[in-house]
Structures are given as C-alpha cells and as structure tokens.
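Q: Here's a sequence, model it:
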Amino acid sequence: MLTPRGVSLSLTGAVMWGAARLIGSPGVEVVALGLIALPFLAGMAIRHGRRDIVVRRHLSNARIRPGQRLTVSLHLRNLSPSAAPLLLLEDLLPPALGRAARLVVSDLRGHTDRTVSYSALPQARGRYAVGPATLDTTDPFGLARVRVRMDDRDELIVTPEVEDLSASPDATVGMSVGAARARQLLRTGEDYYTMRAYQQGDDLRRIHWPSVARTGELMIRQDEATKRAAGVLFVDNREAALGPAYGAAFERAISSAASVAAMLDQAGFTLRLASSDTPAAPLAGERILDALAGMVHTRIPSLATALGHARSAASSDSSLIFVGAPPAAQEVPSLLRAGTGFGAKLAIFVHPVEPAAAPASRREQLLSRATQASMAASRAGWDCIVLSPSTRLSERWHVPTQRRLAFNA
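A: Numbering: from 1, shown residues only. Below is the predicted model:
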C-alpha cells in the first residue's frame, strides 16, 4: 500500500516520463521510470521482509471513575531474528475517550521487547471497548506501508460518580439528619435476630435491654442468626421521565442511585437492581456499579408498566429506593402501590430540567409536580428527596425531611 508520499512520487515520475517522451530525452525518461517504480519496489521490500510483531495491551485499571486518568500500555515483541523497520502503531478509542492514539516505534531489534504507553481521561460513565490496534510497517523513506490489524479489545468500565453520604457539609447541623435517614433505610438489617435466655459466661454486651424491660428476664441477642438485610433499587430510566441517557438529569439520577447503592452495600445489604426495562437482579459490590455504568434510556411510556419490575420483588423485609423524575399526578398512585409491599421506602426525585433555567410557567409546573408527588409519598410513609440536575445528593441527604409538613398539609 502506497503512502501519500509514494503516490506523489509516482505521479511526479509519470509527468516526467510524459515530458521526456515529448522532448525526446532518453536520460530523463529513465529517471522518470525509476521514480515511478521506486514506491512499488519499496512496498515489495517491506512485504518480503515482513517481521512477526505481537502487540499486547494492558490497562492501568479496567474500572475507573469519571475524571480518573487511564494509562494504556502497549507491549510489542519482535518474534523474528531481524530488526523491524519503522513502525507506526495506532490504537483506536471510542469518541468518549478521545482521538485514536498514534505512536512511533523505531529500531525494534530481533527477539526484543518494547513498551510504549499513552493516557486518556474519561469524563462520562459507560462501558467502552479499547482497541483494536493497527500496526503499520513503513520503509525508511515513507513511500509504502503494510498494515496489520490486531483484533484484540479490552473492556473499560467507567463507573458513575459515587458521593459519600456519610460526610455532612455541616457536621454541626446535618450529620444527625443524614444518620437518621440512613438508619431508616438500614433498620431492616437490625431486625433479624433470635433471642434466648441468658446463660452464665455470655457476653454482657449481647444483652437485649428492650426484651429485659418487657419480660423481666435477661435475654441474649444471637447475632449468628442474623439475616442479611435486603434492598431493591429501582431506576426509572424512561426517556419520557428523565430525558435521554447522558443528559444532565439522567446522569444525576444514575449518580444518586450509585451513591445509595454504595452505602447499602457497605452496610451489608443484599441488593437487587431493577429498571423500567429490566427485572430485579441480585447484584453485589462493584457489579451494581458496572450495571449502572451501562444503563441507557428506554422508550417505555407508562410508569405503571415500568414499576411492574419493582412490585415483583416486593417484600416486607426489603427496603425500596426509587430514583426517577417526579411522577405526574395520575402516576403517583402507581408509585404508592408499588411501595406497599416493602418496608422502608426512599424516593429520590430528579427534575428533568433545571427549574432555575426554565421559563416561569415551566418552572412553576416542575416545582408543583415535585411538591405534590413528595407530599403524597410522605403521607404513605416514604422518605423523599428532590434534586435538580445540578444538585448533588450529598447536599440534600443531610437536610431534614419535610414529612411532618406533608402530614399537616
């Protein structure tokens, strides 16, 4: 395959040959024929002396956070005894990670190794394929090249942003509120135990004083019989609710879901993740962040249909966390019915657009919908948090709940 330089040289030789024929100059004609043939001879030489080069890719981390730098190392090994000519290495990247990396490797001797690297800075969550790599071998003059495509790819997972819900912006005011909200969700993890009478030698720290006050006898709480708490995290990923994937509202909802999931997983919860188009599936640890990293919008129009996946996983021993846009008035009953079979319930409502940037009529409609949905859910025993696309969950997590006002409204 000729390079642009090789093509230009051949065209120049062709023009010279035509001019030499017109003026009758055999010497110039010979030079012109040499210029025409030189790029093709260079290509034949490259193909005849082709080296066996193996390229291996290594990612500094297969799972990173948005804004975390990724280093990609490409390890080249020349399996042939002869030195390889100039090598041009290109590693393809998805558009979200930037332009393809292009590297030059020279003087790769026989049976030797060389490692080159480049870096990328992902800014958006997602599951990406890094590669494939292509290796171009060129002659010293850059007239011809031979391209070899490596078919291997490496998967990179950019997890959603996870906020630390245990840290309060103002520890003197908000920490107790955030801790109380967490205990409300986590209380199912404290309710599973069996009791037995105290025996001499038992650890006094295991005495269950509420049972002592009720029965008048020393009772021991058996932690070895403790059952792991359970939770269902439902993300309303309908395009009609939050807009398309990777929009501001959709990404705020995904980040909020990831933050709550990380908190519950750290507390030992058995988690199941459901969305508008996928049934509840048990996921633990980093797997739930991996699933949220690849979540996109769906075109299911009805919230009642979408919530079917949450209702099917209902259990009085489980907590329910709903993350989505504030439902319309006609959709609120569907949300409340979906939560009747659960224990503790938390709703995180994300405005589909920024209220402050919307026209006055649109802003009033957004705020009214969120207020009505929060009040109805609070009356039904839900804990509610309302976010705008630019508001972080940690900023509202430690704000006192408005449930008391909702009951009195």
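Q: How about the secondary structure of Val148?
A: What DSSP: H, G, I helix; E, B strand; the rest coil gives for Val148 is strand.
Q: Across the sheet, point out what pairs with it.
A: Leu135 (DSSP bridges).
Q: And for Thr115?
A: Beta-bridge partners recorded for Thr115 (DSSP bridges): His75.
Q: Look at it and say how many residues are nearby.
A: Thr115: 12 surrounding residues under other Cβ atoms under 10 Å. Glycine gets a C-beta too; all of them are placed from N, C-alpha and C.
Q: Check what pLDDT Leu33 gets.
A: Looking at Leu33, its pLDDT reads 87.
Q: Distance of it relative to Gly142?
A: Taking Cβ to Cβ, to the nearest Å as the measure, Leu33 falls 21 Å from Gly142.
Q: didn't Pro132 look like it was pressed against Asp151?
A: Yes: with contact defined as Cβ atoms under 8 Å, Pro132 counts as touching Asp151 (5.4 Å).
Q: Show me where the stretch 51-200 of the chain has its helices.
A: 175-186 (DSSP state H, counting those that start in this stretch).
Q: got any ranges where it has weak pLDDT?
A: 51, 140, 167-184, 186-194 (pLDDT under 70).
Q: Equivalent analysis for the stretch 301-409 of the chain, please.
A: 401-409.
Q: For it, which segments are assigned as strands?
A: Remark: strands assigned in the stretch 301-409 of the chain by DSSP state E, counting those that start in this stretch are 318-324, 345-350, 383-387.
Q: Out of those, which one sits most buried?
A: A comparison of the strands of the stretch 301-409 of the chain by mean neighbour count, using mean count of other Cβ atoms under 10 Å, puts strand 318-324 on top with a mean of 26.
Q: Using CSV, list the CA coordinates for that one.
A: The C-alpha coordinates for strand 318-324 follow below in CSV (Å, rounded to 0.1, in the frame of the first residue of the first chain):
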residue,chain,number,x,y,z
SER,A,318,-36.8,-5.2,52.0
SER,A,319,-36.2,-1.5,51.5
LEU,A,320,-37.2,0.2,48.3
ILE,A,321,-35.3,3.0,46.8
PHE,A,322,-36.9,4.7,43.8
VAL,A,323,-34.8,7.0,41.6
GLY,A,324,-36.5,8.9,38.8
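Q: Mind giving me the packing neighbours of it?
A: Applying 3 or more Cβ pairs under 8 Å, 6 or more residues apart in numbering; DSSP states H and E, one finds that strand 318-324 contacts helix 175-186, strand 230-235, helix 248-266, helix 332-339, strand 345-350.
Q: Among these, which comes closest to Pro210?
A: Proximity to Pro210 (Cβ to Cβ) singles out helix 175-186 among the helices and strands packed on strand 318-324, at 16.0 Å.
Q: Might you report the residue contacts of the nearest residue to Gly131 once chain neighbours are set aside?
A: In this structure, Gly131 finds its nearest non-sequential neighbour in Arg153, 4.0 Å apart by Cβ to Cβ, 6 or more residues apart in numbering. Arg153 sits next to Ala129, Val130, Gly131, Pro132 when contact means Cβ atoms under 8 Å, 6 or more residues apart in numbering.
Q: Go through those residues and name the one nearest Leu283.
A: The closest of these to Leu283 turns out to be Ala129 (Cβ to Cβ; 22.0 Å).
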